[in-house]
Structure formats: structure tokens, C-alpha cells
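In: I'll drop the sequence and a predicted model, then ask my questions.
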Amino acid sequence: MALQVEHEMHERRKGRNYGVGIILISFIAIIFGLTVVKVIQLGDAAQFERFDHVARPQLVPEEGAGE
């Protein structure tokens, strides 16, 4: 069985695939970086839990708990 030489179309397609892969990886890196910066700016994980714009009774401090 003889080895087949790749057609010129496959070479062009491979180049495009590498380009799309690089774009996808850079997009994922940007989203990950923004997420890390956002979490670091919040500082405390409890603040991150409070940022969902939903009233949750377990996060409301009880009266007299700060004493």
C-alpha cells in the first residue's frame, strides 16, 4: 500500500484550522484572565457569593451576631 501525498487543499485547511485554534485558545485565555481578575478584586469568597443579585436569607447577618 503506497503512502498518499496530501493534496494542496488539505494544507490550506490545516493552516486555517491552526488559525481558528489559536483564536479559540486566546479567547479562552482572555475569559479566564478576566475571571481571575474579577475574583481577586472581590477578595473574599463571601463577597463573590453575594454578587448574584438574589436575596438569600442565609447571607443576611442576624441581629446580635456582631457582638
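Out: Alright, I've got the coordinates.
In: Give the buried residues for the host helix or strand of His10.
Out: Assigned by DSSP states H and E, His10 belongs to helix 8-42. Residues of helix 8-42 include none that count as buried (16 or more other Cβ atoms under 10 Å). For every residue, glycine as well, the C-beta is placed using N, CA and C.
In: Just the mean pLDDT for that helix, thanks.
Out: Averaging pLDDT along helix 8-42 gives 90.
In: Same question for stretch 57-67.
Out: 67.
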